[in-house]
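Peer 1: Here's my sequence, what's the structure:
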Amino acid sequence: MSVKLFVTDLDGTLLPSGQQVSPANIEAAQTAVKAGVTVTIATGRMYKAALPVAKALGVDVPIITYNGALIKTVAGEVLYSSYLDPELVCRVVDFCHDRGWYLQTYSKDELYYAAYDENAKAYEASQNVKGHAVGWDGLKQHTEEVCKLLSVSGSAAETDARIAELRAAFGDVIAPVRSNANYAEIINAGVSKAAGIRNLAKRLDIAIEDTMAIGDADNDLPMLKAAGQAIAMGNAVPAVKAVCDHETTDCEADGFAEAIYRYVIPRK
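Peer 2: Residues are numbered from 1 along each chain as shown. The predicted model follows:
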């Protein structure tokens, strides 16, 4: 197949958490663009945290953020959005508060958390963003244009247990998903990176068969299944490797660049 749209996850795929894109990955992305391939990002990150990465890559195409809840151009034009209902946001905040779970919200592309604790500090460092400590009542005062909420736990087992509780309590109104061992992300039902890649491919008039996606985590699974072909990072979770057509090297070894040269524009 000829790849016309190449979509990459960020953390654990294009870049190690909290670090900058490597020169090798930047060069590979730009080489693909020069060869006529549209390269873009699909991430669980907020738009303001993904934008510097897109700029570093030198790509000027829409990027898929908040696990597909927001597609926005580098120039700032919103092409698609799926915001949680404000009343639903308040219900989830109360649900998490009652259980003593750490929770942070994102309103109008700003980060909010109840208190500036170790979870908040670690998240800010990993995403290179700054948030606002507003208390639990304050979280319910920032409910406009909320793409997602995020609960941080201490282990993968705890994260899975929280997701199960959320599904049992809220049914199919929300779509909680594990984006890494410690993150339970809460988005609208129907929202996913898969929907994001389909929306973007349609807008760019590219057949889904001509798309390729690369990722490493559970929240990448829908996108990897939806793409024409899929690549698993060497550091990907077993579930990701099980559904992908190809596998590349680890994130720390510039597996993204390796994938570009091996599967998208093979070096002669």
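Peer 1: ok, which stretches of this protein are strands?
Peer 2: With strands called from DSSP state E, the chain shows them at 5-8, 38-41, 63-65, 70-72, 78-81, 102-107, 110-113, 132-133, 146-152, 177-180, 183-186, 211-215, 229-232, 246-247.
Peer 1: what is the rounded mean pLDDT of the second one?
Peer 2: The average pLDDT within strand 38-41 is 94.
Peer 1: what do you get for the fourth one?
Peer 2: Per-residue pLDDT values over strand 70-72 give a mean of 94.
Peer 1: Give me the sheet partners of that strand and which way each runs.
Peer 2: Partners of strand 70-72 in the sheet, by DSSP bridges, are strand 63-65 (antiparallel), strand 78-81 (antiparallel).
Peer 1: swap in the second one?
Peer 2: Partner strands for strand 38-41, per DSSP bridges, with pairing direction: strand 5-8 (parallel).
Peer 1: residues making contact with the partner strand?
Peer 2: 14, 32, 37-42, 64, 193, 197, 200-201, 204, 206, 210-215, 223, 227, 256, 260, 264 (C-beta atoms under 8 Å, 6 or more residues apart in numbering). Just so you know, the C-beta spots here come from the backbone N, C-alpha and C atoms, and that holds for glycine as well.
Peer 1: how does it look with 7 Å?
Peer 2: Residues outside strand 5-8 that contact it (C-beta atoms under 7 Å, 6 or more residues apart in numbering) are 14, 32, 37-42, 197, 201, 204, 206, 210-214, 223, 227, 256, 264.
Peer 1: Also stretch 192-209?
Peer 2: 1, 4-5, 7, 38, 40, 42, 62, 64, 67-68, 71, 79-80, 211, 213, 219-220, 222-223, 225-228.
Peer 1: for it, which positions count as buried?
Peer 2: Ser192, Lys193, Ala194, Ala195, Gly196, Ile197, Arg198, Asn199, Leu200, Ala201, Ile206 (16 or more other C-beta atoms under 10 Å).
Peer 1: Sort out for me which of the residues you listed are in helices.
Peer 2: Of those, the ones assigned to helices by DSSP state H are Lys193, Ala194, Ala195, Gly196, Ile197, Arg198, Asn199, Leu200, Ala201.
Peer 1: Arg162: which of those is nearest?
Peer 2: Arg162 lies nearest to Lys193 out of those, by C-beta to C-beta, at 20.5 Å.
Peer 1: got a pLDDT number for that closest one?
Peer 2: Lys193 is given a pLDDT of 91.
Peer 1: Please render the strands of the chain as TSV that adds distance to Gln19 to the earlier fields.
Peer 2: Putting the strands of the chain into TSV (distance: least, C-beta to C-beta, whole Å) gives the following:
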stretch	distance to Gln19
strand 5-8	15
strand 38-41	15
strand 63-65	19
strand 70-72	23
strand 78-81	28
strand 102-107	21
strand 110-113	19
strand 132-133	25
strand 146-152	20
strand 177-180	15
strand 183-186	18
strand 211-215	17
strand 229-232	21
strand 246-247	22
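Peer 1: Tell me if I'm right that His246 and Ile260 touch.
Peer 2: No: using C-beta atoms under 7 Å, His246 is not in contact with Ile260; the gap is 11.7 Å.
Peer 1: Fine by me, thanks again.
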